[in-house]
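Colleague: okay, structure incoming, though there's no sequence with it:
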């Protein structure tokens with residue numbers, strides 16, 4: 001049975017070209033980037049070349065780019081530093097952030113390091129900008145605003161420019177989890193009012209375990225991980241050499257093919273939406289699906305029946321990979337905190353389908369046919 005993979009927001013397949021770029025660093029170019037002999041210098045050069053590539057593609061300065069193990073570490077670093085090093089005693093976030101943000105914020109709050117406010121959500125899943133401004137204007141302490149650029153479950157996209165300008169106006173620090181958008185949209189960080197953004201190579205056909213933390217050059221923070229002087233004293237530990245090379249290569253390819261890939265993938269999303277509406281009674285969609293939304297994500301609600309409660313399980317048996325809520329909680333599935341926050345309808349079952357450049361319309365047809373059968 002041929003597998004259909006519609007869970008690209010969870011992770012993507014490593015592109016063969018990216019693997020080719022990584023291969024030499026998994027084999028003969030194995031030097032430690034901190035060693036001074038030629039083997040080590042060769043490795044160091046690969047990392048710094050990758051840093052320059054990533055900086056160029058995001059229109060940032062190479063000194064603002066730090067390589068990490070992924071989005072989770074990057075968000076933990078930025079949020080903790082905003083509190084411990086930048087003096088933020090109040091955090092504004094939302095109930096539908098990724099757990100890498102929510103759990104970090106909850107931990108800081110529980111330890112008494114910061115108070116927390118949750119910005120109001122609109123019915124379509126966007127944050128309420130008026131409420132955000134109200135929270136900022138009322139805040140008596142230095143504030144960190146941490147909001148997802150694009151939600152990993154429903155796909156809603158934040159107006160990062162508007163939020164950044166608001167933070168600037170009120171002297172707040174702004175961290176945005178951009179894991180679902182780096183590698184999927186063009187960035188111009190020189191002209192974006194943000195202090196920290198994050199990235200993860202495995203979301204755009206790069207390797208797992210390689211991530212990005214952008215720290216605006218006007219911000220001075222201390223490291224989260226202590227030890228050697230790697231990453232300009234910002235992240236100790238021998239660098240993930242081949243991961244970093246793969247991250248840069250994947251971002252380069254994603255940027256070069258953005259127009260073509262994004263319009264193709266958006267076409268798949270729209271096609272699946274139409275087909276579901278046509279063939280499945282009572283289907284609805286979560287988030288601002290036709291508005292400011294990821295072209296990669298379609299979050300679908302099916303009416304709750306005995307059959308639809310088992311829908312993910314039945315799709316899996318038929319070789320179809322999709323997710324219910326966030327992939328990071330599958331197994332002990334308590335349902336999705338995002339869906340609960342925006343659409344707390346107990347009579348609906350939410351399933352996220354997420355697409356990439358490798359998917360096809362024929363796969364959409366097969367999934368819709370299978371759903372018709374299951375439901």
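Modeller: All right, it came through fine. No experiment lies behind these values; they were computed from the predicted model shown. Residues are numbered from 1 along each chain as shown.
Colleague: residue 368 and residue 297, how far apart?
Modeller: Computed as Cβ to Cβ, to the nearest Å, the residue 368 to residue 297 distance reads 17 Å. C-beta here means a position set from N, CA and C on the backbone, and glycine is covered the same way.
Colleague: those two: who's more crowded?
Modeller: When residue 368 and residue 297 are compared for neighbours, residue 297 comes out ahead with 25 against 18, by other Cβ atoms under 10 Å.
Colleague: for that one, give the beta-bridge partners.
Modeller: Assessed by DSSP bridges, residue 297 has beta-bridge partners residue 354.
Colleague: buried sites along stretch 112-130?
Modeller: Residues of stretch 112-130 classed as buried by neighbour count (16 or more other Cβ atoms under 10 Å): 114, 117-119, 121, 124-127, 129.
Colleague: tell me which entries of the residues you listed lie within strands.
Modeller: 117-118 (DSSP state E).
Colleague: among the buried residues of stretch 112-130, which two are most distant?
Modeller: In these, two members sit farther apart than any others by Cβ to Cβ. They are 114 and 124, at 28.9 Å.
Colleague: in the protein, which spans are strands?
Modeller: So, for the chain - with DSSP E - the strands run 4-5, 65-68, 90-93, 115-118, 143-146, 173-176, 196-200, 211-215, 284-285, 297-303, 320-321, 348-354.
Colleague: nearest to residue 372, of the ones you listed?
Modeller: Relative to residue 372, the nearest member of the strands of the chain by Cβ to Cβ is strand 297-303, separated by 11.4 Å.
Colleague: ok, residues contacting that closest one?
Modeller: Under the criterion Cβ atoms under 8 Å, 6 or more residues apart in numbering, residues 9, 152-155, 180, 269, 272-273, 276, 280-287, 289, 308, 311, 339, 343, 345, 347-355, 375 lie in contact with strand 297-303.
Colleague: now stretch 225-240
Modeller: For stretch 225-240, contacts defined as Cβ under 8 Å, 6+ apart pick out 32-34, 47, 63, 66-69, 77, 209-210, 215, 221, 223-224.
Colleague: wait, which of these is closest to residue 159?
Modeller: Nearest to residue 159 among those, counting by Cβ to Cβ, is residue 215 at 22.2 Å.
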